[in-house]
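Enquirer: Sequence first, then the predicted structure:
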Amino acid sequence: MLFDESQLMTVKGMQTPFYYYDMNLLEATLKAASEASQKRDFHVHYAVKANFNDRVLQKIQSHGFGADCVSGNEILKSLEQGFPANKITFAGVGKSDKEIQIALEHDIFTFNVESVQELEVINELAALQGKVGNVALRINPNIDAKTHKYITTGLDENKFGIPAKDLSRAIKVLETAENLNFVGLHFHIGSQITDLNVFKNLCLKVNQWKNWFEEKGLSIKVLNVGGGLGVDYNFPDENPIVDFERYFEIFDQFLERRENQEVHFELGRALVAQSGNLVSKTLYTKSGAQKNFLILDVGMTELLRPALYQAYHKIEKLEKNPVESERIKYDIVGPICESSDAFGRNVELPEVKRGDLLVIRSAGAYGEVMASTYNLREEIRYVYSDEI
Ligand code: LLP
């Protein structure tokens, strides 16, 4: 059960909907990730895009993780929350001049560069500031991450990374660019990857590319293998913390690295997903000709993943019914005027009545951050476990 008796009493008196962050679970997750990575001398940058809630960021930062940012504002936010600039990476296919300038001003750890043109722009802007930008080249390794097509990024047909045919040109630019410092290679092949074999394949591709660059005389200090480690959305209670040992062990085993080479990761979801839950109240119950609907006070405006990716989140009733009833199949939907505004179809729950609280689990990653004010919805609230 997510809440004990006394917490449940408090929650029942609270205004819904809200994200509920389990700070103990977050702490335990971060501890597991940092132990498993540190013992192999691996560097982890937290992918800020997964959740940039202030206290979540502060806790992550306090464990010594760096930050992986995809906008100028994420860089500024990370600095504000105490992440050191020399642990900040900056990725993204469309970095604006203003964002590049922000990153240069703060001397971040690396730009993960996604095109030859971007290399040239960073060089020019760095020259104007009298700075040298650290750059890693993002290579698209053409690996199938075996995940949802909207969150696959490492295939040739995706917009990410420098296409292989442009790499020789990128090296030419690096040879003459006075305001660029080449530090290494970057890869990221997708998100919610649960088949760990995919990461083994990634290692083998990284080894090949590393050799290719070294043969051309480039020295590689940083191997950044991105993020993508998936979590168990089906059984959040059975598997609240990802097996970080197994994950990092794969890279330890299959990635070839020299003494002076550093391995970097950009984990988002695996660090925060299970620590977030979305608490909601049932506004109405309704029976159609064949279906029973539960209409919640939370919708795709607060948690977009089911509508956008057909993502599954476990849904539970928070309070037991006084008398145990048969389980009923419900379609659980939100209040927004869009047919895709649904959280689950044919979900079996004990009987639910108007006013009953439901919780949508594993919503700590790409939840609060993807909320919108479509329909002029109220801004989503959040509560931390140590505050109730
Ligand atoms: N590094 C890069 C370059 C990325 O693009 C991403 C995520 C990450 C790291 C972190 O990936 P993670 O460890 O969290 O899988 N909104 C989608 C997920 C989008 C992921 C985008 N890139 C969702 O709700 O499933």
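Expert: Good, I have the coordinates. Source: prediction; values computed, not measured. Numbering: from 1, shown residues only.
Enquirer: Helix or strand next in line after the lengthiest helix in the chain, which one?
Expert: Longest among the helix segments of the chain by residue count, using DSSP state H, is helix 197-215. Later in the chain than helix 197-215, the nearest helix or strand by DSSP states H and E is strand 222-224.
Enquirer: List the strands paired with that next one, with their directions.
Expert: Strand 222-224 has the following strand partners under DSSP bridges: strand 180-186 (parallel), strand 262-267 (parallel).
Enquirer: Please tabulate the ones you listed in JSON lines and include mean neighbour count and distance to the ligand as additional columns.
Expert: Bear in mind the C-beta positions are built from the backbone N, C-alpha and C, glycine included. Below are these laid out as JSON lines (neighbours: other Cβ atoms under 10 Å; distance: least, Cβ to the nearest ligand atom, whole Å):
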{"stretch": "strand 180-186", "mean neighbour count": "22", "distance to the ligand": "8"}
{"stretch": "strand 262-267", "mean neighbour count": "23", "distance to the ligand": "4"}
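Enquirer: Switch these over to TSV; also include mean pLDDT and distance to residue 304.
Expert: Below are the strands paired with strand 222-224 laid out as TSV (pLDDT from 0 to 100; distance: least, Cβ to Cβ, whole Å):
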stretch	mean pLDDT	distance to residue 304
strand 180-186	98	27
strand 262-267	98	21
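Enquirer: Can I get these in a markdown table including distance to residue 323?
Expert: As requested, these are exported to a markdown table (distance: least, Cβ to Cβ, whole Å):
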| stretch | distance to residue 323 |
| --- | --- |
| strand 180-186 | 57 |
| strand 262-267 | 45 |
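Enquirer: For the longest helix of the chain, C-alpha coordinates in PDB please.
Expert: The C-alpha trace of helix 197-215 is given here as PDB (Å, rounded to 0.1, in the frame of the first residue of the first chain):
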ATOM      1  CA  ASN A 197      20.800  -7.300 -24.700                       C
ATOM      2  CA  VAL A 198      20.200  -4.100 -26.600                       C
ATOM      3  CA  PHE A 199      22.800  -2.400 -24.400                       C
ATOM      4  CA  LYS A 200      25.300  -5.200 -25.100                       C
ATOM      5  CA  ASN A 201      24.800  -4.500 -28.800                       C
ATOM      6  CA  LEU A 202      25.300  -0.800 -28.100                       C
ATOM      7  CA  CYS A 203      28.700  -1.600 -26.500                       C
ATOM      8  CA  LEU A 204      29.800  -3.500 -29.500                       C
ATOM      9  CA  LYS A 205      28.900  -0.700 -31.800                       C
ATOM     10  CA  VAL A 206      30.600   1.900 -29.500                       C
ATOM     11  CA  ASN A 207      33.800  -0.300 -29.600                       C
ATOM     12  CA  GLN A 208      33.700  -0.200 -33.400                       C
ATOM     13  CA  TRP A 209      33.300   3.500 -33.600                       C
ATOM     14  CA  LYS A 210      35.900   4.200 -31.000                       C
ATOM     15  CA  ASN A 211      38.400   2.200 -33.100                       C
ATOM     16  CA  TRP A 212      37.400   4.000 -36.200                       C
ATOM     17  CA  PHE A 213      38.100   7.400 -34.600                       C
ATOM     18  CA  GLU A 214      41.300   6.200 -33.000                       C
ATOM     19  CA  GLU A 215      42.600   4.900 -36.300                       C
END
